[in-house]
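Enquirer: Just to be clear, the model below is a prediction. Sequence and coordinates:
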Amino acid sequence: MTQARLIRRVRFRASHHYARREWSEEKNREVFGDQMDPHEHDWTVEVQVAGPVDPESGFVVDLGAVDGAMAAVMAQWDGGDLNALIPEVTAGTMQPSTESLARWLHRQLEGRVPAPARLTRVTVWESPDLGARFPA
C-alpha cells in the first residue's frame, strides 16, 4: 500500500516564562535572563501523521480526528499562559521551552491518532526563526 504523510499546522498566541522553583530569584535571572518574565509568542504547532493512503477515501487519516486530538490537548492555549495550562509546567517538573513542548505534545497526541496512521513528528515554532522538533 502507498504510504503518505499528512501535515497539519495550527497557530495561536500564548505566553510563557522560565523559572525553577528551587532556585533563587538571582539564579533564575542569571540563567534565564529576560525570559524569566512572562512574554508572548505567535506559536505554530505542526503535527505529522504517516500511514497508508486509503484507496477509497484517498486519505491517510481523517483530518477531523487529527484536529480533534490537537484541540483536546491545546484547546485553551490561544490567548493563554502555557505555564498555567500545562500541568507539568504548573507542577514545576517541566520548563515550557520549545523543545519540551514539542516532546510533551508528541507524548500527548501519540495515542490519539487513529490507526493505521501513526504520529511521526511534532514541531513547535515560537517564532519564524526558532522551533524544535520531536523526535529529532
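Expert: Everything's here; your move. Numbers count the residues shown, from 1 in each chain.
Enquirer: Report pLDDT for the residue lying closest to K27 once chain neighbours are set aside.
Expert: In space, and not counting its chain neighbours, K27 is closest to R20: 7.7 Å by CB to CB, 6 or more residues apart in numbering. Backbone N, C-alpha and C define where each C-beta goes, glycine included. pLDDT for R20: 96.
Enquirer: Please pull up the helix or strand immediately following the helix or strand hosting L109.
Expert: In this assignment (DSSP states H and E), L109 forms part of helix 98-109. Counting by DSSP H and E, the next helix or strand C-terminal to helix 98-109 is strand 118-127.
Enquirer: how many other residues sit next to M74?
Expert: 21 (other CB atoms under 10 Å).
Enquirer: those strands in this structure, which residues are they?
Expert: 3-16, 39-52, 118-127, 130-134 (DSSP state E).
Enquirer: Backbone dihedrals for the residue of the chain most remote from its centre, both of them.
Expert: Of all residues in the chain, E56 sits farthest from the chain's C-alpha centroid, using CA atoms, centre = their mean; the distance is 31.3 Å. Backbone geometry at E56, expressed as degrees, to the nearest 10, gives phi -90, psi -50.
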